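Asker: Generate a structure from the sequence data that follows.
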Amino acid sequence: MKTVQNIEFYAGSKEELLPGFDIDFPYIASRSELDKYLGRSVPWHWHRAVELFYMERGALEYHTPGRKLIFPEGSGGIVNSNVLHMTKALSRTDKTTQLLHIFDPSLLAGETGSRIGQKYVTPFITAPQIEIIALSPKDPAQAKILQLILDAFSFADDTFGYEIKLREILSEIWLLLFAQAAPILSESKKYDKSNDKIKLMMIYIHEHYAEKISIPALASSAFLSERECFRVFHDCLHTTPVEYIKSYRLQMACQMLEKGQDSITSISHACGLGSSSYFGKVFREYLGCTPSEYRAKWQNCDT
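Answerer: The predicted model follows:
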């Protein structure tokens, strides 16, 4: 199981980059240490893979365009395929860790058009009303799913039959989740095209964050008016385009500070935040320390 303390994106689609996610077995298990992330939160992102998780320690707040849910220690859930989401640790001081199974739906469905895919997988992953499902240990049926999620972490990937055993238990979990979701699947809900529009604008920002980004250019990247651009950001990410651009630039700046030795001035320009004085001012407002202090903390940290 890989321990994760930050988030990265694919250069092409700008989905979340999932290290170790192989085409021949599209699955990874990870332990996410939320207290080590910038701002103790994971920024808005999406991935085709399904995210099945268990709260090992602490409490976590999940946001999707349509919902906000709190997951205490011992609870868990599933984030559906291609759903925009972000998470935030509730405590500013306590350790918050999350165990995750992340896998492509094809791991269970098999070939495109298979009977299993048509009956049990596609109806679930394409349902716009299913963004996230919460599982509580207080509910007996949900407690059983949570225990299976935990059991699935016990398989060692170097043991005989690992892949088959893992797919078997994930399939059992999926069937139980499908049964839990039956009432939701029976509801009628149209797909919100704003989800596609916000992803196009996020991709534009991720590709051009080092440059000057105008609102008209950002809006046109998703074939929207400026007014619609502001509305989509508000409805989907609950923020403004300017604030999202600034937060993304700061995420990139933090990665540069953690991993490299470039000067503060070079980083301030490379992440699109201009002069080093302005960079320092914005950085302190968001993180409560200077860029130099942040670099010293993370590059000298053994944990």
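
Asker: Quick check: which ranges of the stretch 101-250 of the chain have low pLDDT?
Answerer: Across the stretch 101-250 of the chain, not a single residue meets the criterion (pLDDT under 70).

Asker: could you pull out the helices for it?
Answerer: All helices of the stretch 101-250 of the chain, identified by DSSP state H, counting those that start in this stretch, fall at 106-109, 115-116, 122-125, 140-151, 162-185, 194-208, 215-220, 226-237, 241-259.

Asker: just so I know, which of the ones you listed lies nearest residue 30?
Answerer: Among the helices of the stretch 101-250 of the chain, the nearest to residue 30 by C-beta to C-beta is helix 140-151 (13.3 Å). For the C-beta atoms, the positions are set from N, CA and C on the backbone; glycine is no exception.

Asker: And that closest one, what's buried?
Answerer: For helix 140-151, burial by neighbour count (16 or more other C-beta atoms under 10 Å) applies to 142, 145, 146, 149.

Asker: ok, of those, which one's closest to residue 123?
Answerer: residue 145 (18.5 Å).

Asker: Can you give me every residue that contacts the spatially closest residue to the closest one that is not a sequence neighbour?
Answerer: Beyond its immediate neighbours in the sequence, the residue positioned closest to residue 145 (C-beta to C-beta, 6 or more residues apart in numbering) is residue 176, lying 5.0 Å away. Taking C-beta atoms under 8 Å, 6 or more residues apart in numbering as the criterion, residue 176 is in contact with 141, 144, 145, 148.

Asker: who touches the nearest residue to residue 225 once chain neighbours are set aside in this structure?
Answerer: Leaving aside its chain neighbours, residue 225 sits nearest to residue 219 (6.2 Å; criterion: C-beta to C-beta, 6+ apart). The neighbourhood of residue 219, defined by C-beta under 8 Å, 6+ apart, consists of 201, 225, 226, 228, 229.

Asker: Can you give me the domain boundaries for this protein?
Answerer: With domains defined by automatic domain parsing, the chain comprises 2-185, 194-299.

Asker: now the first one, how far from the chain's geometric center?
Answerer: Its chain's average C-alpha position is 10 Å from that of domain 2-185, according to C-alpha atoms, centre = their mean, to the nearest Å.

Asker: and if you look at the last one?
Answerer: In terms of C-alpha atoms, centre = their mean, the centre of domain 194-299 is set 17 Å apart from its chain centre.

Asker: Please verify my assumption that residue 73 contacts residue 89.
Answerer: No. Between residue 73 and residue 89 there is no contact under C-beta atoms under 8 Å: 11.7 Å.

Asker: Overlap in contacts, these two.
Answerer: Counting by C-beta under 8 Å, 6+ apart, the common neighbours of residue 73 and residue 89 are 58, 59.
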